[in-house]
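Participant: below is the sequence, then the predicted model.
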Amino acid sequence: MMKKVLVSGLMVAVAVCSCQKVEKSDATSEGKVFTATIEKLTDDGGAGIETKTFLDVFGTVIWEQGDRVSLFAGSTINEQYRVSDMSEGQQAAILERMESPGFVAGGELPVNVAFYPYSSTAAIARRGDSYVLSDIILPATQSYAYANIGDEAFPMAAVSRSVSDMNLMFKNVLGGLKLQLTGTATILSISIEGNNGEKLCGEATITVSNTAAPAITLADATPTVPTSPVTLGCGYGVQLEEELATVFIIALPPVKMTKGFTVTITDTQGRRTELKTTRSQTITRSNLLKMPVVNIDEPHPYLSHEYVNLGLPSGLKWATCNLGANAPEESGDYFAWGETEPYYSSLDPLTWKSDKTAGYNWASYQWCNGTGGTMTKYCTSSSYGNIDNNAILDPEDDAASVNWGGNWRIPTEEEWTELRTECTWEWTTRDGVNGRLVTGPNGNSIFLPAAGGRTVTQLVYVGIDGRYWSSSLSTGYPYNARTVHFNSDDFYSYSSYRCYGLSVRPVFLQQ
């Protein structure tokens, strides 16, 4: 069976021949030689995947023995062809008919139509200039393939321009989801289902022509045939790595999942990890929806935290919510700069820093050696502490990285500057909450609530100011770190005492 692998820009020419001749009643086609090309599947990172082939050690796209197609060679009769033994490992394959269908009634077609993978139930009918393949089944279970789509899980179709035209260009019918997982578990299966009951598998019809991309229609779910998840089976298990992401690809029909989707991962220990996104997600034909790297051992998998692509030159994605919030309008938690847990009220503001209930002041700040004392980390001047010239938060001190994991982090001052200069900022009210609607060059937006901040034990300026940390130290005065402040009149760069509690809006840099 054909295997697939990530490649870039490769196309393959395929010679297909048989020893039949077409008649009305015995389905023969004598002396025909077909050439075919394969459409490249892409992901949103730009990688190409040849959907019917694999690469040998020299990087050449080759066929495997046992690959099969359905061929309607100028006839409505479904004939089964396979790659011949002599074509094993070749770029150009000879397809041979597996067996004669015998006396079969069939109508004539003015073109040749091919469908991969072979389906014994597939039937064809003409509809104007298009051809409808019916009785196709998208299976609810697929098989894992290393860094690619499982065998025969990704259908393709081709239509020639006439019955005498032997040039067939196979086009992809489906799209897919590309998951990237790290961790220590051995994965047994991965399932996906739309949160709004979208149909992802089952009986389907495929409409093809030689002038347009194929389109697929799935039969509606019924009380007796409800929707079901699509499951990627991983055999005896696929062992994850802690540093290098393992890729899992699930083929899916083009569909808009209006309330997002849920991915359920089961490992060999019987543990189930659920990753969920509630944003609308769209699978498009011949494209993989590439999700960010997820460490499934972490308590906060990335897919539970949403981000928006604003179309910024840097490609940086901004989270839809503040750290600690469950909705864009919520304030979330307040963090001292360089600390990864929030803390709030105090009976005694002078309580020593080991008691985090002391509130947001120097006495409780982690990187200070006493009330109003010198800095013990992140210092660029001997006047303020021990110099380490560390002016950007380390990942272990970045609240976004620690709480959300991986490539989430607090934005730098430069990244806030990009957001300020490349986007429009509109003061508005959303569900009764004041804040700024920030709209990027591509028209997508995020909402930054005016959540105020915490100084010692007081919560101040809620609904009036937004005060957000960057990950950048104020190098000229390292008691402070750089921030972005805004109100109804203005938005500007600023700096605040590192011990104060301000909002964090994480950003995500996709690999």
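Facilitator: Right, received. Where do you want to start?
Participant: domains in the chain, by residue range?
Facilitator: The domain map for the chain lists 5-304, 317-508, with the assignment taken from automatic domain parsing.
Participant: I'd like these laid out as JSON lines, including mean pLDDT and distance to residue 311.
Facilitator: All C-beta atoms are positioned from the backbone trio N, CA, C, and that covers glycine. Below are the domains of the chain laid out as JSON lines (pLDDT from 0 to 100; distance: least, C-beta to C-beta, whole Å):
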{"stretch": "domain 5-304", "mean pLDDT": "77", "distance to residue 311": "13"}
{"stretch": "domain 317-508", "mean pLDDT": "87", "distance to residue 311": "3"}
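Participant: and residue 310, which of those domains is closest to it?
Facilitator: For the domains of the chain, the distance to residue 310 is smallest for domain 317-508, at 2.7 Å, taking C-beta to C-beta.
Participant: who's in contact with residue 211?
Facilitator: By C-beta atoms under 8 Å, 6 or more residues apart in numbering, residue 211 lies in contact with residue 129.
Participant: that one and residue 192, how far apart?
Facilitator: Per C-beta to C-beta, to the nearest Å, residue 211 is found 32 Å from residue 192.
Participant: can you give me the neighbour number for residue 260?
Facilitator: Residue 260 has 16 neighbours, counted by other C-beta atoms under 10 Å.
Participant: so what secondary structure elements neighbour the helix or strand hosting residue 483?
Facilitator: Residue 483 belongs to strand 480-486 when elements are defined using DSSP states H and E. Applying 3 or more C-beta pairs under 8 Å, 6 or more residues apart in numbering; DSSP states H and E, one finds that strand 480-486 contacts helix 413-422, strand 466-473, strand 491-497.
Participant: pipe these into TSV and attach mean neighbour count and distance to residue 429 per row.
Facilitator: Formatted as TSV, the helices and strands packed on strand 480-486 follow (neighbours: other C-beta atoms under 10 Å; distance: least, C-beta to C-beta, whole Å):
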stretch	mean neighbour count	distance to residue 429
helix 413-422	17	21
strand 466-473	26	13
strand 491-497	16	16
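Participant: can you put those in TSV and add distance to residue 296?
Facilitator: Below are these laid out as TSV (distance: least, C-beta to C-beta, whole Å):
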stretch	distance to residue 296
helix 413-422	28
strand 466-473	26
strand 491-497	36
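Participant: between these, which one is closest to residue 215.
Facilitator: Closest among the helices and strands packed on strand 480-486, once you apply C-beta to C-beta, is helix 413-422, at 37.1 Å.
Participant: residues in contact with that closest one?
Facilitator: 310, 312-314, 316, 318, 411, 438, 440-441, 468, 470-472, 482, 484, 491, 493, 507.
Participant: immediately after that helix, which helix or strand?
Facilitator: With DSSP H and E, the next secondary element past helix 413-422 is strand 424-430.
Participant: what about that following strand, distance to the chain center?
Facilitator: Strand 424-430 sits 29 Å away from the centroid of its parent chain (C-alpha atoms, centre = their mean, to the nearest Å).
Participant: now for the very next helix or strand once past that strand, which elements pack on it?
Facilitator: Once strand 424-430 ends, the next helix or strand along the chain (criterion: DSSP H and E) is strand 433-439. If contacts are counted by 3+ C-beta pairs under 8 Å, 6+ apart, strand 433-439 sits against strand 424-430, strand 445-449.
Participant: any idea which element the residue nearest the centre of the chain lies in?
Facilitator: In the chain, the C-alpha closest to the average C-alpha coordinate belongs to residue 291, at a distance of 2.1 Å (C-alpha atoms, centre = their mean). Under the criterion of DSSP H and E, residue 291 resides in strand 287-295.
Participant: parallel or antiparallel, list what pairs with that strand.
Facilitator: Sheet pairing here is set by DSSP bridges, and for strand 287-295 it gives strand 40-43 (parallel), strand 175-182 (parallel).
Participant: contacts for the helix or strand following that strand next, please.
Facilitator: Using DSSP H and E, the next helix or strand after strand 287-295 towards the C-terminus is strand 307-309. Outside strand 307-309, the residues that touch it by C-beta under 8 Å, 6+ apart are 317, 318, 319, 320, 440, 442, 444, 445, 446, 507, 508.
Participant: and whichever strand or helix holds the second one, how far from the chain's centre?
Facilitator: Translated: residue 318. Using DSSP H and E, residue 318 falls within strand 317-319. On the basis of C-alpha atoms, centre = their mean, strand 317-319 sits 14 Å off its chain's mean C-alpha point.
Participant: what about the closest residue to residue 287 other than its chain neighbours, how many residues nearby?
Facilitator: Leaving aside its sequence neighbours, residue 287 sits nearest to residue 175 (C-beta to C-beta, 6 or more residues apart in numbering; 5.1 Å). Residue 175: 23 surrounding residues under other C-beta under 10 Å.
Participant: I am finished for the moment; much appreciated.
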